[in-house]
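> 3D, please:
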Amino acid sequence: MATHLKNLSDFSHTTIPSGKGFKIAIVVAEWNAKITGALYQGAFDTLIKHEVSEEDILSLTVPGTFELAGAADILLNKRKDVDAVICIGCVIQGDTKHFDFICEAASQGITNVGIKYSKPVIFGVLTTNDEQQAIDRAGGKHGNKGDEAAITALKMVEYALNL
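Numbering: from 1, shown residues only. Okay, the predicted model is just below:
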């Protein structure tokens, strides 16, 4: 659980596999672009740092978080060479139930796509109460959830390849 003192993007306690030869897609929502752009950059930089070549990173944008699962599904249907998809979005609580519907649809949809294709489809979506919480998790005091999504993708691809 995040606390005001903890950077959640610290991976000093774990081994991170090389991504050399992995083809990873990053699908990023345009809604809340300041936040999703920072999450995307964190994921991209982390993949590069762990030896995924720039040519093996496929970057796509969609209008919002709701569209992430559909885009991941289309992508995996058309591109059999993709090893994992990182879905990046940000939903900030508002005054209506829209937040609940989008968060639930995104989480269920992303999960279902991964199960359908038996490939890692990573939930890199912030679901925060306010913009400051999102900023804190998009390169701020709690690290960058984009980094975490990229590390998760690398670990899950390695896991899938070693079964």
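
> how about the helices in this protein?
In the chain, the segments counted as helices under DSSP state H are 33-49, 68-78, 98-117, 131-136, 145-161.

> residue ranges with poor pLDDT in the chain?
Applying pLDDT under 70 to the chain flags the ranges 1-12.

> centre-most residue in it?
The C-alpha lying nearest the average C-alpha coordinate of the chain belongs to G124 (Cα atoms, centre = their mean; 2.9 Å).

> distance-wise, check that residue relative to N162.
As defined by Cβ to Cβ, to the nearest Å, G124 lies at a distance of 23 Å from N162. In this view, the C-beta of every residue, glycine as well, is placed from N, C-alpha and C.

> please apply the same query to I115.
Per Cβ to Cβ, I115 is found 20 Å from N162.

> check contacts around L75.
A25, V27, L58, L60, V82, V85 (Cβ atoms under 8 Å, 6 or more residues apart in numbering).

> now stretch 58-78 - C-alpha only, CSV.
C-alpha atoms of stretch 58-78 as CSV (Å, rounded to 0.1, in the frame of the first residue of the first chain):
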residue,chain,number,x,y,z
LEU,A,58,5.0,-0.9,-30.6
SER,A,59,3.3,2.3,-29.4
LEU,A,60,-0.4,3.0,-30.0
THR,A,61,-2.9,5.6,-28.6
VAL,A,62,-6.6,5.3,-27.9
PRO,A,63,-9.0,8.0,-26.9
GLY,A,64,-9.5,6.8,-23.3
THR,A,65,-9.1,4.1,-20.7
PHE,A,66,-12.3,2.4,-21.7
GLU,A,67,-10.8,1.7,-25.2
LEU,A,68,-7.6,0.0,-23.9
ALA,A,69,-9.0,-3.5,-23.8
GLY,A,70,-10.6,-3.3,-27.2
ALA,A,71,-7.3,-2.0,-28.7
ALA,A,72,-5.3,-4.8,-26.9
ASP,A,73,-7.7,-7.4,-28.3
ILE,A,74,-7.5,-6.0,-31.9
LEU,A,75,-3.7,-5.8,-31.6
LEU,A,76,-3.2,-9.4,-30.4
ASN,A,77,-5.6,-10.7,-33.0
LYS,A,78,-3.7,-9.0,-35.8
